[in-house]
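Q: Sequence isn't available, so here's the structure alone:
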């Protein structure tokens, strides 16, 4: 039963987080640039630990009782994505996405951490996936079984973020030229604009 509960939590979490969203795109880009990898992975994992634990604790009802919070996060997240989409378009247009070794050492760890926090905590879909979805699934269990489900969910999150942060280096041979970085930044910009629009257009999933 232990492995079954943990396994269910693992697969449930993996099914929600293994997708190309704004947070994963940011983490992948940092992995390719090899800048402050531990800090980025730590922020993502710690954030999911907090959010998944909140969902399992039953705090998802706060979102149900306070729909205006989701609306506030929608507009805040849309603004954040629009600003970063503009930055990605600028990098793609100018071909400045590829960092030199000196630029890598000059990169501010605090700035990257703040960006990572923004991509995580300003995205209402994160709350829906972790607090609401995983929290609701955990309601099928009682007592310690519920936290075993949470352990599996957190394990999937940790494994995913470690994999894309440190495993991104395997893709480096594809990003030896500025052209490849321009394509990546262009794709990221388009994706962020799409996500920004989806946040601004009311949908059933966000009108909780």
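A: Great, that's in hand. Because the structure is a prediction, the values reported are computed rather than measured.
Q: which residues of this structure score low on pLDDT?
A: 1-3, 20, 60-67, 69-70, 73, 96-107, 202-208 (pLDDT under 70).
Q: Try it again at 90.
A: Within the chain, the segments meeting pLDDT under 90 span 1-5, 7-8, 12-26, 28-29, 32-35, 55-111, 119, 122-146, 168-208.
Q: Find the nearest non-adjacent residue to the residue minimising distance to the centre of it, please.
A: Note on the chain: the residue nearest the mean C-alpha position is residue 23, at 3.2 Å, using C-alpha atoms, centre = their mean. Nearest residue to residue 23, sequence neighbours excluded (C-beta to C-beta, 6 or more residues apart in numbering): residue 119, at 4.3 Å. In short, each C-beta sits where N, CA and C put it, glycine included.
Q: For that neighbour, give me its contacts.
A: Neighbour list for residue 119: 22-23, 26, 80, 84 [criterion: C-beta atoms under 8 Å, 6 or more residues apart in numbering].
Q: Strands - which of those land there?
A: Of the contacts of residue 119, none are assigned to strands by DSSP state E.
Q: Show the buried residues in the residues you listed.
A: When these are checked for burial by 16 or more other C-beta atoms under 10 Å, the buried set is 22-23, 26, 80, 84.
Q: quick one: which of the residues you listed is nearest residue 5?
A: residue 23 (26.7 Å; C-beta to C-beta).
Q: And the helices in this protein?
A: For the chain, the helices defined by DSSP state H cover 2-17, 22-33, 37-56, 60-65, 67-94, 101-106, 109-121, 124-127, 135-138, 144-166, 178-200.
Q: so which of those helices comes closest to residue 172?
A: Closest among the helices of the chain, using C-beta to C-beta: helix 22-33, at 6.5 Å.
Q: okay but the residue nearest to the centre of the chain is in contact with residue 130, surely?
A: No - using C-beta atoms under 8 Å, residue 23 makes no contact with residue 130, being 11.6 Å away.
Q: Throw the contacts of residue 119 into CSV and include distance to residue 124, thanks.
A: Below are the contacts of residue 119 laid out as CSV (distance: C-beta to C-beta, whole Å):
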residue, distance to residue 124
22, 12
23, 12
26, 17
80, 11
84, 16
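Q: Considering the residues you listed, which is situated nearest to residue 176?
A: The nearest member of the contacts of residue 119 to residue 176, counting by C-beta to C-beta, is residue 26 at 21.4 Å.
Q: quick one: the nearest residue to that closest one once chain neighbours are set aside from residue 179, how far?
A: In space, residue 26 comes closest to residue 119 once its chain neighbours are excluded; the distance is 4.8 Å by C-beta to C-beta, 6+ apart. Between residue 119 and residue 179 the distance is 25 Å, computed by C-beta to C-beta, to the nearest Å.
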